[in-house]
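Colleague: next one to model:
(2 chains)
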Amino acid sequence: MKQVYPFSAIVGQDDMKLAMILTAIDPKIGGVLVFGDRGTGKSTAVRGLSALLPKISVVQGCPVNSAHGQDVPEWGPKLDGTITQILTPVIDLPLGVSEDRVTGALDIERALMDGVKAFQPGLLAAANRGYLYIDEINLLEDHIVDLLLDVAQSGENVVEREGMSIKHPARFVLIGSGNPEEGELRPQLLDRFGLSVDVGSPNTIQDRVSVIRRRDEFDTDPDAFCKTWRAQEQIIQGAIISARERIAGIEVSDDVLEFCAKLCMHLGSDGLRGELALLRAGRASAAYHRDNAVTVAHIHNVAPMALSHRLRRDPLDEAGSSARVKRALDAVLQ
Amino acid sequence: MNKTAFDNLALALQIAIRCPDQFGGVILRARAGPMMDRLRSHLSQNFHRAARVHGAMDRTALVGGIDPIATLQQGVLVRTLGILRRAAWLNIPMAERAPTALVHSLTSHIDANRCPAVILWDEGIDEEAVSASLADRCAFYFDLTDQVRLDGELCLHDLPNDLPLHRVQISDDQITALVAVASRGGITSLRLPQFAVRFAKLLALVDGRSVTCDTDIETAVLTILAPRMVEIPMPDRDAAPSEQPQPQDDAANDDGDDTASDDLAPLLDMMIAAVQANLPKNLLEQSLGRTGSGRANAGAGKRQRSNTLGRPKPSRVGKPGYGKRIDVLATLRAAAPWQKIRRSARPDATAKFIIYPSDIHVKQYEVPSERVVIFGVDASGSAALARFAEAKGAIEIMLADAYAKRDYVALVGFRGQTAEVLLQPTRSLVMAKKTLAAFAGGGGTPLAMGMKCALDMAQKSKRDGRTPTLAFLTDGKANIALDGSANRDAAMTDVHQLAGMTNHLGVQSIFIDVGRRPNAKLQQVAATSGLQYLPLPLADARAVSNVIRDSMVD
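Modeller: Got it, this is the predicted structure:
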């Protein structure tokens, strides 16, 4: 098997790595939006994450990666129900993709050959229980974006076309990346992402050199490189697994809830998605750090990534939105 | 172009095609001419299995899929391999106009190491350039626009059959020197230093060594990094204090690193000297366009104004003809479920596949009409600063809700003896803020120059398939003519002529008179040339953006 560049070997980019880990602990947080320069390891991180996460058990051959035999959709192939372990799926959504490739469509092969109306699942089916990665999401066609958001929200893909009426589960974590200089995202779309992080090129020579050197070591001998990093990978993997077990028991006090509400009100973020994302991210962060309750410190830590993309853009405010969130944090804490 | 550089060009082409997974591809910025012809024939003679990729190529052709025609003829499902699988290298002419979908298909395949080498011909003028995300994935960039002819032969290098790049050793100091010189040159991406490391290793291999030497590093810097630099690298150590930590602070915790940077100094200085000695002409000018606004211009906006191009929409039942094309796949899909019934209704039919007229689907495309508002802002005289601030404000307000309205905004400023493009059409607030941060006012009023500059941009936008609207914020007291002379009458005549030309070209224009009293002359010019005129002595950002929005064509 071809080796994937280890997640833990990525130099810096702590926010991005933390955001991805948090969604791995609690997929309900929603997607992650990664905005930043080219060549900063965005797609490397997504692919590395998949290799890092614990394997999931699926019914072999199931088009929607079902965990149990009874969940295999009836339109799928007939399976014997063998359970296998696979890596968490990471599906790439190419920019020029057509709608029927995303949602699935009539299986033309079987229609032509056997004259039967069969369903050919699309990318949404393949991404079920995994990640859907969209590079340059700000350039994606609007109708595809709308469709994705709808599915991501409902966790279900409904296909009504060519006389077919099919429903299948499509629960995935959306990871979008892009460069804000190439165009912006609609606020409605931004709001649907649980977390957003800005990434930049490392700005010290030492960091940049270590990026190049590690990549060079990886190219030279991928197996040896992955072996060196295996211990690191296992630490993160272990932390994620234990956090998943603990997350249900994490307590949230009223004070913390009030703090979240105050913060969101202060920032004037629309709707309640901000509070929810903030709370879920805070809880996942507490679980990851092996704490028993969410504290203001946890919220403080995740607030910029949970809220910075939900602010009303004020064209006359020069400060970046992360800075505004930090300002609001200070104001509310006083 | 000297002989070594030329040799490197030939080598670059050869190894890019040979190891696309290591080097991505080559960008050749050249205009049609003998140079291009020679390169083309060199490529076609020596490298086989090329595929030509053009912008209108659909996804099936690129990545493969069902071949509907062959499927129908043979009655069995026939799949085609996309050219990404078949070709050894891709020949992509006019790469600066490649649509986003194509660029993204290529970049995602390059990332997955499943793309043959891309040879991109960048025939762009001025700021037009290959999409930055694609350029970033190509190791080599050669600017041949000034090269009239080639001195020397393009020859093939005698490369060994096996190129074990991973067996070549490169020292830490050499890597550090590559990274440092790249970052001094303003290269932010980390892919390029990575390519430089690989190229240095390759040079060592070609030379039969298993360790890179400083000459390899130098050649890698000159070939890969120098053409992409946006700043002239300086050996000045004070400029980057973070790289020169105080020895006493650092010695304790980071011994190794400190000694490395001591050894590094001569190597780095040597690299920088080499780059400076071989600087490409007008380095800053070319490169700024490439990295700064490159993608913003070549972005999603380059739609063709044709019935058969644009964003594909779901196919509809309909009759072909009048420029409508049949969507074979959708038609087959519509007909497929009925085959059994139709066959039983017409057992004598000879066709393998029975299609009724009601099955026929035609392709539909939607060409979004993107609008671009070009502001021409008078930055002359005393009122300049306030006016300019309003224009900036209006631009940012328009951009803040630009996404929903699909508007681009551009800015031309004029003052003293010149007019210049300050902001290329963009939809990005980030971009606009960056560019607008500093622009001073003062001097004469070359209104005609400003109009000409804005009109040029309007015409370029039209060619790109956008609908331009011009908005001039001025007090109309033009005093510099087109030829640069300070002559009020000539200046006004030029303004008149340009206004007429604007109208003649069908570009929607509006004069916003921001003088303290309405300028009768300007009003007259507008009236006689059929342009809109609006006195707005207390123009504030919000009012300006509303006025322009109201006057825009939908």
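Colleague: excluding chain neighbours, what is closest to the residue in the stretch 451-554 of chain B that chain A sits nearest to?
Modeller: At 8.3 Å from chain A, residue B:541 is the closest residue in the stretch 451-554 of chain B, using C-beta to the nearest C-beta. Yep, even glycine has a C-beta here, placed from its N, CA and C like the rest. Distances taken as C-beta to C-beta, 6 or more residues apart in numbering or on different chains place residue B:393 nearest to residue B:541, at 2.7 Å, with adjacent residues excluded.
Colleague: number of residues surrounding the one you found?
Modeller: 19 (other C-beta atoms under 10 Å in any protein chain shown).
Colleague: that one: which element?
Modeller: Residue B:393 belongs to helix B:384-400 when elements are defined using DSSP states H and E.
Colleague: torsion angles phi and psi at residue A:267?
Modeller: When read as degrees, to the nearest 10, the backbone of residue A:267 gives phi -80, psi -10.
Colleague: also residue A:36?
Modeller: According to degrees, to the nearest 10, residue A:36 has phi 170, psi -170.
Colleague: for it, give me the pLDDT.
Modeller: Here, the pLDDT recorded for residue A:36 equals 81.
Colleague: ok, residue 185 - contacts?
Modeller: Just going to use chain A. A:33, A:137-138, A:178, B:403 (C-beta atoms under 8 Å, 6 or more residues apart in numbering or on different chains).
Colleague: to clarify, I was referring to chain B.
Modeller: Residue B:185 touches B:225-226, B:228-233, B:275, counting by C-beta under 8 Å, 6+ apart.
Colleague: could you report the pLDDT at residue B:363?
Modeller: 77.
Colleague: surely it and residue B:325 touch.
Modeller: Yes - Residue B:363 lies in contact with residue B:325 (C-beta atoms under 8 Å); the separation is 4.9 Å.
Colleague: returning to that earlier point: for PyMOL, what selects the buried ones among the contacts of residue A:185?
Modeller: Filtering those down to the buried ones (16 or more other C-beta atoms under 10 Å in any protein chain shown) takes a single PyMOL command:
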select buried, (chain A and resi 33+137+138+178) or (chain B and resi 403)
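Colleague: so can I have TSV of the contacts of residue A:185 showing secondary structure and distance to residue B:468?
Modeller: As requested, the contacts of residue A:185 are arranged in TSV below (DSSP: H, G, I helix; E, B strand; the rest coil; distance: C-beta to C-beta, whole Å):
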residue	secondary structure	distance to residue B:468
A:33	strand	32
A:137	helix	28
A:138	helix	23
A:178	strand	26
B:403	helix	19
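Colleague: sitting in helices, which of the contacts of residue B:185 do you find?
Modeller: residue B:275 (DSSP state H).
Colleague: any of the contacts of residue B:185 buried? List them.
Modeller: B:225-226, B:228-230, B:233, B:275.
Colleague: circling back to that earlier point, what is the nearest of the contacts of residue A:185 to residue A:8?
Modeller: Ranked by distance to residue A:8 (C-beta to C-beta), the contacts of residue A:185 are led by residue A:33 at 22.2 Å.
Colleague: before we move on, back to that, widest-spaced pair of the contacts of residue A:185?
Modeller: Pairwise over the contacts of residue A:185, using C-beta to C-beta, the maximum falls at A:33 and B:403, 14.9 Å.
Colleague: which residues are in contact with the helix or strand harbouring residue B:549?
Modeller: Residue B:549 belongs to helix B:541-551 when assigned by DSSP H and E. The contact list for helix B:541-551, computed with C-beta under 8 Å, 6+ apart, reads B:373, B:389-394, B:396-398, B:469, B:471, B:473, B:508, B:510, B:512, B:532, B:534, B:536.
Colleague: how about stretch B:514-527?
Modeller: With C-beta under 8 Å, 6+ apart, stretch B:514-527 has contacts from B:378, B:383, B:387, B:390, B:473-477, B:492, B:495-496, B:499, B:511, B:513, B:531-533, B:535-537, B:539.
Colleague: quick one: average pLDDT of that stretch?
Modeller: Mean pLDDT, stretch B:514-527: 82.
Colleague: tell me the buried residues in it?
Modeller: Here stretch B:514-527 shows B:514-515, B:519, B:522-523, B:525-526 as buried, counting by 16+ other C-beta under 10 Å.
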